[in-house]
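**Student:** Got a predicted model here, sequence first, then my questions.
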Amino acid sequence: MGSAQRAHAPLLPKDAFDLHHSLDDTLLLLRTLIGFPTVSQDSNLDMIDYLAARLEASGARVEVMQDAAGAKANLFATIGPEGDGGIVLSGHSDVVPVADQEWATDPFMMHEEEDKLYGRGACDMKGFIAAAVAMAPTFAQRVGRRPLHFSFTYDEETGCVGARDLAATLTARGLKPAVALIGEPTMMRVIEGHKGCCEYTTRFSGLAGHGSGPDWGVNAVEYAALFVARLLALKDTLKGRAPAHSRFDPPWTTINTGALVGGVAHNVIPSTAQVDWEMRPVQPSDFSLVKDDLAHYCADVLLPAMRAVYPEADIQTETIGEVEGLIPAEVSEARDIMMELTGTNDADVVPFGTEAGIFQTMGMSAILCGPGSIEQAHKADEFVSLDQLTQCLGMLDRLSLKMLDY
């Protein structure tokens, strides 16, 4: 154990020898997991295979579910009895790219300094995965009549693709876990709600021509600009539709235009253009409003004008991902469990999206609580602190004791 780890040891309860051992194991696991460069565009199979072996050695029944291309996989494992009503510990295996980021050290080699553990994915969210897997032997000793599941997915960062596939598989099998704990970096705060996250790419196909004759072509960039103007108008409309008691910041559904790309030269009418945009709805009616308004605007206004000049002109919108929000529930077993385990009476909401809404739509009571801060995620020199990992392990240890009562 390094000097920073030794200095941190007194934070552990005096009678928590097993928990202390789990911290050591968590750090070794985290070092290994960070070493797998599971950027969303690449395979996660090596990491999933490693986790599968670790969980099987702890007595879990493990299934690796590959995607259609065979390049990526979800892992779903169970400790305890078969059947419904289980508790799911969930995390995503993929991380965002490090390209164009200036890291002080190798992002795929864990670096420890001043009680902080640096590396891509350290908090988002390999720290939680390492802690959960390190605690698997303890869960195996203490699990009772209620199953404990581990769910590690692929491509959360690019639209929660893996979680959707996992949800479809579990639903087809008729398996109904009751509670999902998603260990996203919340500084171990209990989070009961977040906005949805919907990402799209809208492509415009026009007719190229010489810039001296703008009426002879169909300028795809100009029509894309009109589309962006419509997004800006909707953005203002949504501010006036904020629910009266919305707890989100900001309280309304947001729209962001991420990119407008098109054209090749100053004097050429561009034949293609692309708009990348997103919205984060706080309520389903806003989602419908935006989708319906843009569909009518394209079909009734933009396309007729484009096709009056060039009948083959077109506008196509590709859905990159539509992720459900996590809706705070009046009655929530997940919230009750996590409040008991963390000793807090408060549950908050956050603006960023996660897989929790997918679990909720499956009928589970879902909650977020995990080590590290979202402020560190996706940045250079991402880190999770030893204190946060220790708090997470303490929470999981208390959950394992609670499993004895089920």
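**Tutor:** All right, it came through fine.
**Student:** so what's Val143 closest to, chain neighbours aside?
**Tutor:** Gly80 (3.8 Å; C-beta to C-beta, 6 or more residues apart in numbering). Where C-beta positions appear, they are placed from N, C-alpha and C, glycine not excepted.
**Student:** okay, and for the protein, where does confidence drop off?
**Tutor:** 1-19 (pLDDT under 70).
**Student:** measure Gln66 to Leu117 for me?
**Tutor:** Per C-beta to C-beta, to the nearest Å, Gln66 is found 30 Å from Leu117.
**Student:** The two: which has the busier surroundings?
**Tutor:** Leu117 (28 against 14; other C-beta atoms under 10 Å).
**Student:** tell me the phi and psi of that one?
**Tutor:** Torsion angles at Leu117 (phi, psi; degrees, to the nearest 10) stand at phi -110, psi 110.
**Student:** In contact with it, which residues?
**Tutor:** Leu27, Leu30, Met110, His111, Gly127, Phe383, Val384, Ser385, Leu386, Leu389 (C-beta atoms under 8 Å, 6 or more residues apart in numbering).
**Student:** Among these, which ones are in strands?
**Tutor:** His111, Phe383, Val384, Ser385 (DSSP state E).
**Student:** surely Glu156 meets Gly162?
**Tutor:** Yes. At 6.6 Å, Glu156 and Gly162 qualify as touching, with contact defined as C-beta atoms under 8 Å.
**Student:** can you list residues touching both of those two?
**Tutor:** Listed as contacting both Glu156 and Gly162 by C-beta under 8 Å, 6+ apart are His92, Asp94.
**Student:** For Ser285, see how far away the residue nearest to Pro81 when sequence neighbours are not counted is.
**Tutor:** Of all residues not flanking Pro81 in the chain, Pro147 sits nearest, at 5.7 Å (C-beta to C-beta, 6+ apart). According to C-beta to C-beta, Pro147 stands 37 Å off from Ser285.
**Student:** Settle it for me: which of those two has more neighbours?
**Tutor:** The residue with more neighbours, out of Pro147 and Ser285, is Pro147; 23 against 12, by other C-beta under 10 Å.
**Student:** The more buried one contacts Gly85, doesn't it?
**Tutor:** Yes. In this structure, Pro147 is within contact of Gly85 by C-beta under 8 Å, at 7.2 Å.
**Student:** Looking at the contacts of Leu117, state which has the most neighbours.
**Tutor:** With neighbours taken as other C-beta under 10 Å, the top of the contacts of Leu117 is Gly127, carrying 32 neighbours.
**Student:** just to revisit the earlier point, what do Pro147 and Gly85 both touch?
**Tutor:** Joint contacts of Pro147 and Gly85 (C-beta under 8 Å, 6+ apart) are Pro177.
**Student:** Assumed Met395 was part of a strand.
**Tutor:** No. Assigned with DSSP: H, G, I helix; E, B strand; the rest coil, Met395 falls outside any strand and is helix.
**Student:** Can you tell me, leaving aside adjacent residues, what's nearest to it?
**Tutor:** The spatially closest residue to Met395, leaving aside those adjacent along the chain, is Leu341, at 4.9 Å (C-beta to C-beta, 6+ apart).
**Student:** wait, what's in contact with that neighbour?
**Tutor:** Contacts for Leu341 (C-beta under 8 Å, 6+ apart) come out as Met395, Arg398, Leu399, Lys402.
**Student:** go on, Gly353?
**Tutor:** Residues in contact with Gly353 (C-beta under 8 Å, 6+ apart) are Cys160, His194, Lys195, Gly196, Cys197, Arg280, Val323, Gly325.
**Student:** Just send these back as CSV, with distance to Gly262 and neighbour count too.
**Tutor:** Below are the contacts of Gly353 laid out as CSV (distance: C-beta to C-beta, whole Å; neighbours: other C-beta atoms under 10 Å):
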residue, distance to Gly262, neighbour count
Cys160, 29, 26
His194, 33, 26
Lys195, 29, 27
Gly196, 28, 21
Cys197, 25, 22
Arg280, 25, 24
Val323, 28, 24
Gly325, 32, 25
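**Student:** Mind checking which of those land in strands?
**Tutor:** His194, Cys197, Arg280, Val323.
**Student:** The first one and Val350 touch, don't they?
**Tutor:** Think His194. Yes. Using C-beta under 8 Å, His194 is in contact with Val350, at 4.9 Å.
**Student:** shared neighbours, these two?
**Tutor:** Here His194 and Val350 have Leu368 as joint contacts, going by C-beta under 8 Å, 6+ apart.
**Student:** ok, now how distant is the closest residue to Asn219 other than its chain neighbours from Ala220?
**Tutor:** Counting by C-beta to C-beta, 6+ apart, the nearest residue to Asn219 once its immediate chain neighbours are dropped is Ile269, at 5.2 Å. Applying C-beta to C-beta, the value for Ile269 to Ala220 is 8 Å.
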